[in-house]
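Peer 1: Pasting the sequence and the predicted model now:
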Amino acid sequence: MNRITVNPDRSVGTINRNIYGHFSEHLGRCIYGGIYVGEDSPIPNVNGMRADVVEALKAIRIPVLRWPGGCFADEYHWQDGIGPRDQRRRMVNTNWGHVVEDNSFGTHEFLELCRQLGCAPYINANVGSGTVREMAEWVEYLNSPGDSTVVRQRWANGRKEPWNVKYFGVGNESWGCGGNMRPEYYADEYRRYQTYCRDYPGSRLYRIACGPGEGDYRWTEVLMERAGRFMDALTLHHYSLTGPDWNHKGRALRFDKGEYYELLQHAAYMDELITRHGQIMDRFDPEKRVGLIVDEWGTWHQVEDGTNPGFLYQQNAMRDALVAAITLNIFNRHCDRVVMANLAQTVNVLQSVVLTDGDRMVLTPTWHVFDLYKDHQDARAADCFVETDRIGEGKWRVDRVSASASTKDGAVTLTVANCAMDEAADVTVRVPHSGEISGRLLAGAPDAYNDFGDAPLKAVPFEGIRAEDGGLAFTLPPCGVAAITVK
Ligand code: AHR
């Protein structure tokens, strides 16, 4: 028996809505074809943005979108992406497939996309191959209400008012594709670059420093010690994969029981990463002023057969949905430190919530998890104690049941996942309620997925939740995720 105890009166804090954020890079068909098709496209669009994709993202209340990379960010020169589109500079996207980047999607287009989505923009700027002046002028172009040559350029390009962009990243993976820097060097570079990222009247920049990849605890230590007081947040990247190494990754739709639990164990490792990086941050910042932003997470499989290896296109099965469910529960539980997270990457790349094929679009099981979890946004985290056993195959082990809870407007939302591949889970929940109980359930075979024209996976009403004295009881199907609301 799995027992969950929810205590709405105990809380570590509010679940920042930005934990439910996404990431869109100039990579493969994420931006071009997936989000942006141009005004002349036969695909229904509003100012070039696919109407179907915008609707799908609005439906899950996307709170924040990160752009333009990723590795692409440290080769991106923002001036190339403004002005008349037919005069924009062309480049080869050397990170991702060596395709031509015509810069037709640039600053104005990204901010138009965010306007349509109703989400906050998070811009990640170039330290690796950009200059301090270039970064400073991007901030000026974005946020200055003054009258300067840079601002006049913005006016000439059709935008009078500043956008007041808040979230601003100073470099991406500066330990890797963003310049192969040592933490000491990056800490100094960060201090220098961020100095000239000015606050303009009416806007206050939220400065985000490049943090560690995975378990690089030394990076966090050095950054916090040397540059902690100059940042609002530090990032963390963690991807979940199977296989012996990055060059021999497992597949999205074909996996055995060992690989099923291997992927889930990798996802659950996020808890240890946040805990340990958080403990280092606590030493330098016990007040938790500096946020932790997990601005790249998700599953990373081998690309689908016949697709460009540089485009990172993968399908998305129920196993991936479980990764999302486990990870979002972890973020909710760590909401005292985790202030934002961005799933990689929105459309057609890695663990997408949406896939497109020409004018067709399909919602992945991961989209449905974000839909199930959306009531956690801006809710008060509720203490959620889970008693369960460990299950798995061989050396790969995870908790059978993963859960988190929050309260908002007098209701408790509990999200709970049965991580078992092939066994139902009986769950009892101790939670105060007045008998008003509802739930939705997403479940399917671990390798089930939604395809174009055949999308069987979706959330359905969760029948069979039994009200008991002081709580609830239900049986979760294997590889199932539920969102339950009690009043
Ligand atoms: O999301 C794909 C890539 O993974 C990003 O460009 C990079 O930051 C990370 O290594």
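Peer 2: Good, I have the coordinates.
Peer 1: Apart from its chain neighbours, what residue comes closest to Arg204?
Peer 2: Leaving aside its sequence neighbours, Arg204 sits nearest to Lys166 (C-beta to C-beta, 6 or more residues apart in numbering; 7.1 Å). Every C-beta, even on glycine, is put in place using the N, C-alpha and C of the backbone.
Peer 1: quick one, what contacts that neighbour?
Peer 2: 120, 203-206 (C-beta atoms under 8 Å, 6 or more residues apart in numbering).
Peer 1: Could you give the backbone dihedrals for it?
Peer 2: The phi/psi pair for Lys166 (degrees, to the nearest 10) reads phi -100, psi -50.
Peer 1: what about Phe72, how many neighbours?
Peer 2: Other residues lying near Phe72 total 22 when counted by other C-beta atoms under 10 Å.
Peer 1: Does it belong to a helix, a strand or coil?
Peer 2: The local conformation at Phe72, judged by DSSP: H, G, I helix; E, B strand; the rest coil, is helix.
Peer 1: mind listing what whatever residue of the stretch 1-150 of the chain ends up closest to the ligand touches?
Peer 2: Residue nearest to the ligand within the stretch 1-150 of the chain (C-beta to the nearest ligand atom): Gly70, separated by 2.8 Å. Gly70 sits next to 23, 25-27, 95, 124, 172, 296, 344-345 when contact means C-beta under 8 Å, 6+ apart.
Peer 1: what's the nearest residue to Leu142 if we skip its chain neighbours?
Peer 2: Nearest residue to Leu142 in three dimensions, chain neighbours excluded: Val165, at 4.6 Å (C-beta to C-beta, 6+ apart).
Peer 1: Just confirm the one you found is within a strand.
Peer 2: No: counting by three-state DSSP, Val165 is not found in a strand; it is coil.
Peer 1: list the contacts for it?
Peer 2: Per C-beta under 8 Å, 6+ apart, neighbours of Val165: 111, 121, 123, 139, 142-143, 203, 205.
Peer 1: Show the end-to-end separation of stretch 341-351, please.
Peer 2: 14 Å (C-alpha to C-alpha, to the nearest Å).
Peer 1: how about that stretch, does it get close to the ligand?
Peer 2: Yes: legend: contact between stretch 341-351 and the ligand by C-beta under 6 Å from any ligand atom is shown at 344-345, 350.
Peer 1: what would these look like in a markdown table with secondary structure?
Peer 2: Listed next are these as a markdown table, based on three-state DSSP:
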| residue | secondary structure |
| --- | --- |
| Ala344 | strand |
| Gln345 | coil |
| Leu350 | coil |
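Peer 1: what pLDDT does the residue of the stretch 1-150 of the chain closest to the ligand get?
Peer 2: pLDDT, the model's per-residue confidence, is 97 for Gly70.
Peer 1: do the one 5 residues further on as well
Peer 2: We have a pLDDT of 97 for Glu75.
Peer 1: Over to the one 4 residues further on?
Peer 2: Reading off the confidence values, Gln79 has pLDDT 98.
Peer 1: Skipping its backbone neighbours, what lies nearest it in space?
Peer 2: Per C-beta to C-beta, 6+ apart, closest to Gln79 is Glu134, 7.5 Å.
Peer 1: The one you found: what's it in contact with?
Peer 2: Listed by C-beta under 8 Å, 6+ apart, the contact set of Glu134 reads 77-79, 126.
Peer 1: which one of those residues has the most neighbours?
Peer 2: Greatest neighbour count in the contacts of Glu134, by other C-beta under 10 Å, goes to Asn126: 26 neighbours.
Peer 1: just to revisit the earlier point, let me know the closest of the residues of stretch 341-351 next to the ligand to the ligand.
Peer 2: The closest of the residues of stretch 341-351 next to the ligand, once distances to the ligand are taken by C-beta to the nearest ligand atom, is Ala344, at 4.2 Å.
Peer 1: before we move on, back to that, now the contacts of Gly70 as TSV including neighbour count, distance to Asn418 and pLDDT?
Peer 2: TSV is the format used below for the contacts of Gly70 (neighbours: other C-beta atoms under 10 Å; distance: C-beta to C-beta, whole Å; pLDDT from 0 to 100):
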residue	neighbour count	distance to Asn418	pLDDT
Phe23	26	28	98
Glu25	28	33	98
His26	25	38	98
Leu27	29	33	98
Asn95	18	38	96
Asn124	28	36	98
Asn172	30	35	98
Glu296	25	27	98
Ala344	25	25	98
Gln345	27	27	95
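Peer 1: Kindly report the residues of the protein close to the ligand.
Peer 2: Within reach of the ligand by C-beta under 6 Å from any ligand atom, the chain has these residues: 25, 69-71, 172-173, 296, 344-345, 350.
Peer 1: again, 5 Å this time
Peer 2: With C-beta under 5 Å from any ligand atom as the criterion, the chain meets the ligand at residues 70-71, 173, 344.
Peer 1: for these, which one is nearest Arg159?
Peer 2: Closest approach between these and Arg159, by C-beta to C-beta: Gly70, at 24.9 Å.
Peer 1: what ranges do the strands span in the stretch 101-250 of the chain?
Peer 2: Assigned by DSSP state E, counting those that start in this stretch, the strands in the stretch 101-250 of the chain fall at 120-125, 167-170, 206-209, 233-240.
Peer 1: Dump the ones you listed to JSON lines, plus distance to Ile62.
Peer 2: Listed next are the strands of the stretch 101-250 of the chain as JSON lines, based on distance: least, C-beta to C-beta, whole Å:
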{"stretch": "strand 120-125", "distance to Ile62": "9"}
{"stretch": "strand 167-170", "distance to Ile62": "14"}
{"stretch": "strand 206-209", "distance to Ile62": "18"}
{"stretch": "strand 233-240", "distance to Ile62": "19"}
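Peer 1: Alright, that wraps it up for me.
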